[in-house]
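S.K.: Structure for the following, please:
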Amino acid sequence: MRGKVLFLTSHLGSGYGEFGRFLDENPRIQGYESKGFYDHPDKVLNLKEQHHKNDTAAAIHMTNLIWNQQLTDKNLLDFCHFIYLVREPHFALSSIVREGYNEKTALRYYATRLQRIVQMANLTKGAVFLTWESLARGDGYKDIEEYLELRQPLREKKFKAPEIERAISLQAIEEGHKIYAKYIQQASRADLRSYLF
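M.R.: Purely as a prediction, here's the structure:
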């Protein structure tokens, strides 16, 4: 059971799946489907027991956290690695609604999820905090490489937002922007490697 554990911590509609597949291309990073909850260090040990393409001490076992209840043991914040990814509300909320949630539920999830992400970020000094927009600019690669101690650099990729038809009201988007701005401002004060604006 060697290596590190990396939690790609995000929300529905953020593009975390595409970003996770991109990270998984690196020889040291192996992505795993998120399974259950991390409420005890033994759950992390179970993750590290999974087969890894690079079975050395440099192996990084990665999984996603997209629900608040997935990680409840705060001790894990001290010895796991975290990359945070958030996305502006127009795309995120429309994607969430397309998954079958109503507007009110989508907004509530988005608000409580961003709140939890920022709370976690404040407790994980030095972690990497990205927005989808920063990925689209190509920001953050060097910080990820340093944070995870990657020998082979991440390949250059410009992430693009696919065109998406708005699936929510303008009022919901406005409310989403207020939520987003509030938590991005809070995250900007945390001790992180961040690309927020």
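S.K.: in which helix or strand would I find Met62?
M.R.: Assigned by DSSP states H and E, Met62 belongs to strand 60-65.
S.K.: So what touches that strand?
M.R.: 3-10, 16-17, 20, 23-24, 28-35, 38, 47-48, 50, 52, 71, 81, 148 (Cβ atoms under 8 Å, 6 or more residues apart in numbering). Using the backbone N, CA and C atoms, a C-beta is placed for each residue, glycine as well.
S.K.: those helices in this structure, which residues are they?
M.R.: Secondary structure of the chain by DSSP state H: the helices cover 16-24, 41-48, 76-79, 89-98, 103-122, 132-137, 141-148, 170-188.
S.K.: To Ile66, which of the ones you listed lies closest?
M.R.: Ile66 lies closest to helix 16-24 among the helices of the chain, at 6.6 Å (Cβ to Cβ).
S.K.: which strands and helices sit next to the closest one?
M.R.: Here helix 16-24 touches strand 4-9, strand 29-31, strand 60-65, strand 81-86, going by 3 or more Cβ pairs under 8 Å, 6 or more residues apart in numbering; DSSP states H and E.
S.K.: what distance separates it from the middle of the whole chain?
M.R.: 10 Å (Cα atoms, centre = their mean, to the nearest Å).
S.K.: before we move on, what about stretch 66-75?
M.R.: 13 Å.
S.K.: ditto for stretch 129-146
M.R.: Using Cα atoms, centre = their mean, the offset of stretch 129-146 from its chain centre is 12 Å.
S.K.: Can I get that stretch in CSV, CA atoms only?
M.R.: Extracted as CSV, the C-alpha positions of stretch 129-146 are listed here (Å, rounded to 0.1, in the frame of the first residue of the first chain):
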residue,chain,number,x,y,z
PHE,A,129,-7.7,25.3,-6.3
LEU,A,130,-8.8,25.8,-9.9
THR,A,131,-11.8,27.2,-11.8
TRP,A,132,-12.8,25.7,-15.1
GLU,A,133,-12.0,29.1,-16.6
SER,A,134,-8.4,28.9,-15.3
LEU,A,135,-8.0,25.5,-16.9
ALA,A,136,-9.3,27.0,-20.2
ARG,A,137,-6.4,29.5,-19.9
GLY,A,138,-3.9,26.7,-19.3
ASP,A,139,-3.2,27.8,-15.7
GLY,A,140,-2.3,25.6,-12.8
TYR,A,141,-0.2,22.8,-14.5
LYS,A,142,3.1,23.7,-12.8
ASP,A,143,1.4,24.0,-9.4
ILE,A,144,-0.2,20.6,-9.8
GLU,A,145,3.1,19.1,-10.8
GLU,A,146,4.9,20.6,-7.8
